[in-house]
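1. What shape does this take:
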Amino acid sequence: MKTTEAPGTRDRLIGAMFDSLQRKGLHGVGLSEILHDAQAPKGVMYHHFPGGKADLAVAAIEAGAAQIKASLLQVIEAHADPADALKIWWGHAHKRLERSGFERGCPLAAISLESTPDDIALRDALAQAFGAFRELVADLLAGAGIGAKRSTQLAALIVSAYEGSLIQARVAGSAKPVNDTVEMLLGLLRIELANAKESRA
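-> Residues are numbered from 1 along each chain as shown. All right, here's what the predicted structure looks like:
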């Protein structure tokens, strides 16, 4: 008698990969560990992800990026001031890192550092994720009156600082790199917002 696959196996595989990427990075992830954590047989994994670990990693990147974007959107909708919204978004990431004992950083950064030019699908997924974050932040700043070009440049700076500060905090086992970056960057952002407001007056 043929048995049917339990619902949610694909999501469990993606979740297990996402968790492993946060803790160990791309090359530290073992397939047997992922299958064990997801409680899934190897055959089922290849049914969902014919390319194996590489396909699963792409799916985990896409899922992780969607979570981060949703978190940022939620904060933006709840806070009218862009600087306040970004501070809270950054704070959420900082708290997650602290709660994990500085073990679970941003999986996108970890994979980016380990990827090679041959990892075309991985890099494409990463580029789309980072691009979506930059676009979301740029739209937030443009909505506050900052010019389009300036908003795009500031968004690139903010996303780069976000990723870089989390990497440094994880390595240091300390929140100081995040706190220092947030304090300085938000100070600069508030000046930009004030200038934009003044120019509209």
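
2. Just the pLDDT at A201, thanks.
-> At A201, the pLDDT value in this model is 67.

3. quick one: I120 from A127, how far?
-> Going from I120 to A127 by CB to CB, to the nearest Å gives 10 Å. The C-beta positions use only the backbone N, C-alpha and C, and glycine is treated the same way.

4. For stretch 190-201, output the C-alpha coordinates as PDB.
-> Only the C-alpha atoms of stretch 190-201 are listed here, as PDB (Å, rounded to 0.1, in the frame of the first residue of the first chain):
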ATOM      1  CA  ARG A 190      17.500  62.200  10.800                       C
ATOM      2  CA  ILE A 191      19.600  65.000   9.300                       C
ATOM      3  CA  GLU A 192      18.600  63.900   5.800                       C
ATOM      4  CA  LEU A 193      15.000  63.800   6.900                       C
ATOM      5  CA  ALA A 194      15.200  67.200   8.500                       C
ATOM      6  CA  ASN A 195      16.900  68.700   5.300                       C
ATOM      7  CA  ALA A 196      14.100  67.100   3.200                       C
ATOM      8  CA  LYS A 197      11.400  68.600   5.400                       C
ATOM      9  CA  GLU A 198      13.100  72.000   5.300                       C
ATOM     10  CA  SER A 199      13.400  72.000   1.500                       C
ATOM     11  CA  ARG A 200       9.700  71.400   1.200                       C
ATOM     12  CA  ALA A 201       8.800  74.200   3.600                       C
END
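
5. what helices or strands is the lowest-mean-pLDDT helix or strand in the chain leaning on?
-> One helix or strand of the chain scores below all others by mean pLDDT, DSSP states H and E: helix 107-114, with a mean of 84. Here helix 107-114 touches helix 9-24, helix 53-78, helix 120-143, helix 148-172, going by 3 or more CB pairs under 8 Å, 6 or more residues apart in numbering; DSSP states H and E.
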